[in-house]
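> Compute the structure for the input listed below.
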Amino acid sequence: MKNKLIIRLLLGIMLTLFIIYLSCYHFTDQNEFGITYNFVSGELKHDGHDGHHFTPPWVLAVKIDTRPIKVCITSASRNMNCRLVQFQSDKWRELIKFEGFRYYWFYNRLSFNSGQETYRGFKNLMLGHAYGQNKCSCVKILQEIGEEN
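Alright, predicted model coming up:
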């Protein structure tokens, strides 16, 4: 009887810690930019630093990769069809103005385009801003990449 009580107590503590971990913890790597959104107060702010973060459950966090990303438009032409782009972390509010606060990792995750390379997540978002009509200053085009002859 006592063993069952101890096992239930330990399972309850483990479940509680796991739920706290899922709802309150996030890690921002050194090459990522973190943005938090408090959906109770509506406050948006930069995470402040890389590393481990504990936030209340009503604060959502997203991470954006700040390394340069190669994005390409699939084409058989020998024209320039790739760009090396990078997210400008000092202009993160403009990204929120254009896209809103979302989990950018989910972008285009469910796609049935099997014949060509399909960009997923934040890379898909960067492709749109690299070639889009409305330019966002939060995406910097570092280099045009074409076919080497």
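
> All the helices of the chain, residue numbers only.
Ranges of helices within the chain are 2-24, 92-99, 122-131, based on DSSP state H.

> which one of those helices has the lowest average pLDDT?
Mean pLDDT per stretch puts helix 122-131 lowest among these, at a mean of 84.

> May I have it as CSV, with CA atoms only?
Once non-C-alpha atoms are left out, helix 122-131 reads as follows in CSV (Å, rounded to 0.1, in the frame of the first residue of the first chain):
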residue,chain,number,x,y,z
PHE,A,122,11.5,30.1,-41.5
LYS,A,123,13.5,29.3,-44.7
ASN,A,124,10.2,29.5,-46.6
LEU,A,125,9.5,32.9,-45.0
MET,A,126,13.0,34.1,-46.0
LEU,A,127,12.4,33.0,-49.6
GLY,A,128,9.3,35.0,-49.8
HIS,A,129,10.9,38.2,-48.5
ALA,A,130,14.0,37.7,-50.6
TYR,A,131,12.0,37.6,-53.9
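
> ok, back up a step: now, of the helices of the chain, which is deepest in the fold?
helix 122-131 (a mean of 20; mean count of other CB atoms under 10 Å). Every residue, glycine included, has its C-beta placed from N, CA and C.

> Who are the packing partners of it?
Here helix 122-131 touches strand 69-72, strand 82-87, strand 139-145, going by 3 or more CB pairs under 8 Å, 6 or more residues apart in numbering; DSSP states H and E.

> which one of the helices of the chain lies closest to Leu84?
helix 122-131 (9.1 Å; CB to CB).

> I appreciate the help and will end here.
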